[in-house]
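Q: Here's my sequence, what's the structure:
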Amino acid sequence: MPAAKPLEYAEHAETLSALDRTLTIEIVRVVERAAVAAARYRGRGDELAADREAVQAMRDELNRLPLRGTVVIGEGEADDAPYLFVGEMVGRGDGPEVDVAVDPLDGITICAKNLPNALSVVAVAERGGLLRTPDVYMEKIAIGPGYPQGVVDLDLPPAVNIQNLARAKGVSPAEITACILDRPRHARLIEQVRAVGASIRLISDGDVAGIIHATDPGETGIDIYLGSGGAPEGVLAAAALRCTGGQMQGRLILDTPDKLAKARSLGIADPRRTYGISDMAAGEVLFAATGVTDGSLLSGVKFGRDSIRTDTMVLRSSSQTIREIRSRHRDMDKF
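A: Coordinates of the predicted model:
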């Protein structure tokens with residue numbers, strides 16, 4: 001007779017089973033509702049209203065799920081955000097204990113201007129699976145699957161990373177496209193990338209989408225993501241890459257005593273540590289995103305006379321499954 005499994009193994013297996021069985025599909029509703037709420041404000045120039053409605057819709061739907069979730073990546077600290085703040089408990093309270101990371105509207109400015117690639121995003125992981133970070137910037141580099149480990153490295157100059165990636169892909173640097181946030185702080189980075197011959201796709205906002213796009217260059221035309229952006233968004237992106245493959249590294253930018261103190265309060269002892277994907281998103285992970293505006297990977301919400309259409313991707317780490325779900329919602333009152 002085989003030996004009995006230890007209790008912690010049984011609890012782990014129960015969590016995995018619950019994540020697979022219950023949340024893989026139900027998590028879709030969470031991002032769909034948030035995306036529809038935000039999409040009603042596309043092009044209206046009201047960033048705060050779009051974000052507020054997306055947050056409320058996502059929170060309402062999370063609280064219908066059979067889980068005991070703790071928000072570890074959210075809308076800010078409890079004193080700064082009324083809902084989906086870090087530490088808030090979500091779910092019905094009768095399911096597995098999980099970490100929850102949310103970005104109800106990744107690309108607030110994009111949505112307000114009705115530009116491409118605004119998303120509603122959520123990730124769910126085993127308890128303790130998602131890195132807790134302060135709300136600071138993070139240096140990031142990401143590429144898609146199919147390359148040798150270490151082909152790019154955060155410590156290498158941008159030009160060397162571009163050359164290494166081009167060599168691994170079997171092309172010249174001129175055939176590499178880098179995605180970079182359009183920010184003054186990236187002026188030198190942009191100059192270095194162009195100097196080696198690569199092209200650049202500048203984005204105004206939404207670096208979760210930018211990193212995901214780098215994992216599917218055949219579809220998006222983006223080979224690599226470079227630059228600094230929000231650390232919470234970095235963790236969300238790592239959750240997506242944990243499910244799809246690819247490589248990513250991140251390093252927190254802790255350049256003030258206050259930021260260092262916040263990092264230490266979260267158990268971050270080494271301020272210069274480089275985090276890989278598994279450091280930021282470990283164990284079983286589910287990730288879902290619904291398009292708010294039209295983009296390279298997902299179409300935006302479509303409002304018809306008698307229905308609403310949504311386009312969602314659901315990713316699962318244990319099987320590297322990518323589900324693409326296009327839904328038509330005829331009961332428009334539920335949105």
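Q: okay, the nearest residue to His329 once chain neighbours are set aside: pLDDT?
A: Among residues not flanking His329 along the chain, Ile308 sits closest, at 4.6 Å (CB to CB, 6 or more residues apart in numbering). Any C-beta I mention is one placed from the backbone N, CA and C, and that applies to glycine too. Reported pLDDT at Ile308 in the predicted model: 95.
Q: and Ile308, how many residues sit next to it?
A: By the criterion of other CB atoms under 10 Å, Ile308 has 20 neighbours.
Q: how far away is it from Pro104?
A: 17 Å (CB to CB, to the nearest Å).
Q: coming back round to it: correct me, but the residue nearest to His329 touches Arg33?
A: No. Assessed by CB atoms under 8 Å, Ile308 is found out of contact with Arg33, at 10.4 Å.
Q: Now find how far off-centre the one helix or strand Val71 maps to is within its chain.
A: Under the criterion of DSSP states H and E, Val71 resides in strand 68-73. The chain centroid and the centroid of strand 68-73 are separated by 15 Å, computed with CA atoms, centre = their mean, to the nearest Å.
Q: The following helix or strand past it - which strands sit beside it in the sheet, and in what orientation?
A: From strand 68-73 onward toward the C-terminus, using DSSP H and E, the following helix or strand is strand 89-90. Partners of strand 89-90 in the sheet, by DSSP bridges, are strand 68-73 (antiparallel).
Q: in the strand it pairs with, what counts as buried?
A: Going by neighbour count (16 or more other CB atoms under 10 Å), the buried part of strand 68-73 is Arg68, Gly69, Thr70, Val71, Val72, Ile73.
Q: now stretch 237-250
A: Across stretch 237-250, burial judged by 16+ other CB under 10 Å covers 237-244, 246-250.
Q: Next, the distance between the ends of that stretch.
A: 11 Å (CA to CA, to the nearest Å).
Q: model confidence over it, on average?
A: Across stretch 237-250, the per-residue pLDDT values average to 93.
Q: One more: stretch 179-195?
A: For stretch 179-195, mean pLDDT rounds to 96.
Q: Show me where this protein dips below the pLDDT cut-off.
A: Counting by pLDDT under 70, the ranges of the chain that qualify are 1-22, 78-80, 332-335.
Q: hmm, 80 instead?
A: Counting by pLDDT under 80, the ranges of the chain that qualify are 1-24, 76-81, 318-321, 331-335.
Q: Report the secondary structure state of Trp23.
A: One thing to correct before we go on: residue 23 is Leu, not Trp. Each residue gets one of three states, and Leu23 gets helix by DSSP: H, G, I helix; E, B strand; the rest coil.
Q: Tell me who's in contact with it.
A: Leu23 is in contact with Leu65, Leu67, Val124, Leu286, counting by CB atoms under 8 Å, 6 or more residues apart in numbering.
Q: most neighbours, which of the residues you listed?
A: Those, ranked by neighbours (other CB under 10 Å): first place Val124, 28 neighbours.
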